[in-house]
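S.K.: okay, structure incoming, though there's no sequence with it:
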């Protein structure tokens, strides 16, 4: 897969209105983008720490993936995303390694990235995202 | 606190012997260090992806923090560590922000870093570590 860096860390929060000022103060910077990703039923807010984005995720629907996650586990880290040169190639390599993939092919994610997910049961409990430009 | 980058992501695993070959293949690199941190009752193994280390954590004692974490939540992301210029200063700033700190002062961590933890109840469910050299 040859990940080059941690592209982002996705954090499930109940309310962006509460979480943005907190992370803004903690990270010493303003949130640089807010974006709704309708297919995922989330509103996202981004910060950047070195090479890595902090992506806050608020559910827009209790039945969406973040809504369900928070109901089950509470707020916290939801997924870890690696930047890879080519998401389709990386998904193929993951399958060859015996990793269960959620996506067979890259699809459109936030910030115009092409993304694909690996199943946490195959990756030590970590919902793992692969992203390429 | 002015974090400069994500220093590492700590991942709780049941067995380093199983997890090291998996992450080695997934990350396309060898694990570059294995270290026991007796005070934390863990054995750690390190990889590096861009600026960020992946720190696998195996418990050496079921009563240690990682042993208890796995018993309760299973394998997965255990903590998120930010590199800061000065851990003592950052802990002080965290307290001033109203964040509950686990450590009042930096203490010795893996790889010779000075570390301090923030309480996950204050940081959106994320056990947060601050590290400085």
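M.R.: Now that the structure is in, tell me what you want to look at. Values in this document were obtained by computation on a predicted structure and should not be read as measured data. Numbering: from 1, shown residues only, chains lettered A, B, ... in the order given.
S.K.: next one: the residue of chain A most remote from its centre from chain B, what distance?
M.R.: The outermost residue of chain A relative to its centre, with distances by C-alpha atoms, centre = their mean, is residue A:96 at 23.0 Å. The spacing between residue A:96 and chain B, counted by C-beta to the nearest C-beta, to the nearest Å, is 10 Å. No exception for glycine: its C-beta is placed from N, CA and C like everyone else's.
S.K.: any idea of the pLDDT on that residue?
M.R.: If you check residue A:96, the pLDDT there is 95.
S.K.: same thing with the one 3 residues further on?
M.R.: Looking at residue A:99, its pLDDT stands at 97.
S.K.: can you tell me the SS state at it?
M.R.: Put simply, residue A:99 is coil when judged by DSSP: H, G, I helix; E, B strand; the rest coil.
S.K.: quick one: contacts for the residue nearest to it when sequence neighbours are not counted?
M.R.: Take residue A:99 and drop its neighbours on the chain: the residue closest to it by C-beta to C-beta, 6 or more residues apart in numbering or on different chains is residue A:122, 4.3 Å away. Neighbouring residues of residue A:122 by C-beta atoms under 8 Å, 6 or more residues apart in numbering or on different chains: A:98-100.
S.K.: and the longest helix for chain A?
M.R.: helix A:16-27 (DSSP state H).
S.K.: how far off helix A:16-27 does the following helix or strand past it point, in degrees?
M.R.: Next helix or strand after helix A:16-27 toward the C-terminus (DSSP states H and E): strand A:33-37. Angle, strand A:33-37 to helix A:16-27, by axes from the mean of the first three to the mean of the last three C-alpha atoms, to 10 degrees: 140 degrees.
S.K.: so what secondary structure elements neighbour whichever helix or strand comes after strand A:33-37?
M.R.: For strand A:33-37, the following helix or strand on the C-terminal side (DSSP H and E) is strand A:42-49. With contacts taken as 3 or more C-beta pairs under 8 Å, 6 or more residues apart in numbering or on different chains; DSSP states H and E, strand A:42-49 sits against helix A:16-27, strand A:33-37, strand A:52-59.
S.K.: adding mean pLDDT, distance to chain B and mean neighbour count, write those out as CSV.
M.R.: CSV is the format used below for these (pLDDT from 0 to 100; distance: least, C-beta to the nearest C-beta, whole Å; neighbours: other C-beta atoms under 10 Å in any protein chain shown):
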stretch, mean pLDDT, distance to chain B, mean neighbour count
helix A:16-27, 97, 6, 16
strand A:33-37, 93, 17, 13
strand A:52-59, 98, 5, 23
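S.K.: so which of these comes closest to residue A:4?
M.R.: Proximity to residue A:4 (C-beta to C-beta) singles out strand A:52-59 among those, at 11.5 Å.
S.K.: tell me how far the residue farthest from the centre of chain A lies from residue A:84.
M.R.: 14 Å (C-beta to C-beta, to the nearest Å).
S.K.: cool, residue A:37 as well?
M.R.: 20 Å.
S.K.: just give me the neighbour total for residue A:88.
M.R.: 16 (other C-beta atoms under 10 Å in any protein chain shown).
S.K.: can you name the residues bridging to residue A:130?
M.R.: residue A:82, residue A:116 (DSSP bridges).
S.K.: residue A:6 - how many residues pack around it?
M.R.: 25.
S.K.: contact partners for it?
M.R.: A:51-52, A:80-83, B:6, B:9, B:49-52.
S.K.: in a strand, it, correct?
M.R.: Yes - according to three-state DSSP, residue A:6 belongs to a strand.
S.K.: which residues does it bridge with?
M.R.: Beta-bridge partners, per DSSP bridges, of residue A:6: residue A:82.
S.K.: helices and strands of chain A: which one has the lowest mean pLDDT?
M.R.: strand A:107-108 (a mean of 90; mean pLDDT, DSSP states H and E).
S.K.: sorry, back to before: from the contacts of residue A:6, which single one is nearest residue A:26?
M.R.: Within those, proximity to residue A:26 (C-beta to C-beta) peaks at residue B:6, which comes in at 13.2 Å.
S.K.: for that closest one, report the pLDDT, please.
M.R.: With respect to pLDDT, residue B:6 has a value of 98.
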